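Chemist: pasting the sequence and the predicted coordinates here, then a few questions.
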Amino acid sequence: MLNGKKCLRDFRQQLDAIFSQGDFRAAHLLAAPLLTEMASLDSILEEVLEINLEDKAFLKQRRINPVVALPIFSTPNYTLVANCWIPHPEGKVDLSHQSIHHHGNLLLTSVGAFGPGYNSIVFS
C-alpha cells in the first residue's frame with residue numbers, strides 16, 4: 001500500500017492468493033470484485049500506463065484489431081490485460097470491429113473501467 005492507497009503490487013498479491021487455490025472457476029468469481037475495485041481507481045490506471053510506456057516494446061507491438069492492449073500481470077495461473085477498445089469512428093454501437101472468436105480453453109472475466117461496456121455472446 002502506497003500512501004494509504006492500494007497499488008498494483010497489493011492487487012497482485014491478492015490475485016496470486018486467489019488463483020493459487022487451483023479452482024479457476026471459483027477464482028474468477030472471487031477475483032471479480034478485486035478487478036472492479038482496480039478499474040475504479042485512477043491511480044491503478046496510471047500505474048498500468050506508466051509500466052507499459054516505460055517498456056520500449058510496448059509502442060512497437062502489432063495487433064490484428066484496433067485494440068490497445070496494456071499487459072498488467074502474467075503468471076502461470078492467470079494473465080491480466082487492460083484492453084482499450086476504440087469506438088467506431090461513426091459512433092455506431094451496433095457494429096463490432098472484432099469478429100466472433102474464441103479464447104480456447106481460457107476462462108475470461110471482464111470489467112469495464114470507462115464507457116458503457118460491451119455485450120458478449122457466450123456459446124456453450
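Modeler: Nice, I can see it.

Chemist: contacts, neighbours, all on C-alpha from now
Modeler: Fine.

Chemist: residue most distant from the centroid, this structure?
Modeler: Glu90 (25.5 Å; CA atoms, centre = their mean).

Chemist: so is that one in a helix, a strand, or just coil?
Modeler: Assigned with DSSP: H, G, I helix; E, B strand; the rest coil, Glu90 falls in the coil class.

Chemist: could you measure from it over to Leu49?
Modeler: Going from Glu90 to Leu49 by CA to CA, to the nearest Å gives 27 Å.

Chemist: go on, Thr79?
Modeler: 17 Å.

Chemist: what residues does the longest helix that the chain contains touch?
Modeler: Determined from DSSP state H, the single longest helix within the chain is helix 24-40. Helix 24-40 is contacted by residues 11, 15, 18-19, 21, 44-45, 107-109, 111-113 when judged by CA atoms under 8 Å, 6 or more residues apart in numbering.

Chemist: from these, which land in helices?
Modeler: Those of these lying in helices (DSSP H): 11, 15, 18-19, 44-45.

Chemist: between those residues, which sits nearest Asn65?
Modeler: Leu45 (21.8 Å; CA to CA).

Chemist: what's the neighbour count on the closest one?
Modeler: 18 (other CA atoms under 10 Å).

Chemist: ok, the one 3 residues further on next?
Modeler: Other residues within reach of Val48 by the criterion other CA under 10 Å amount to 18.
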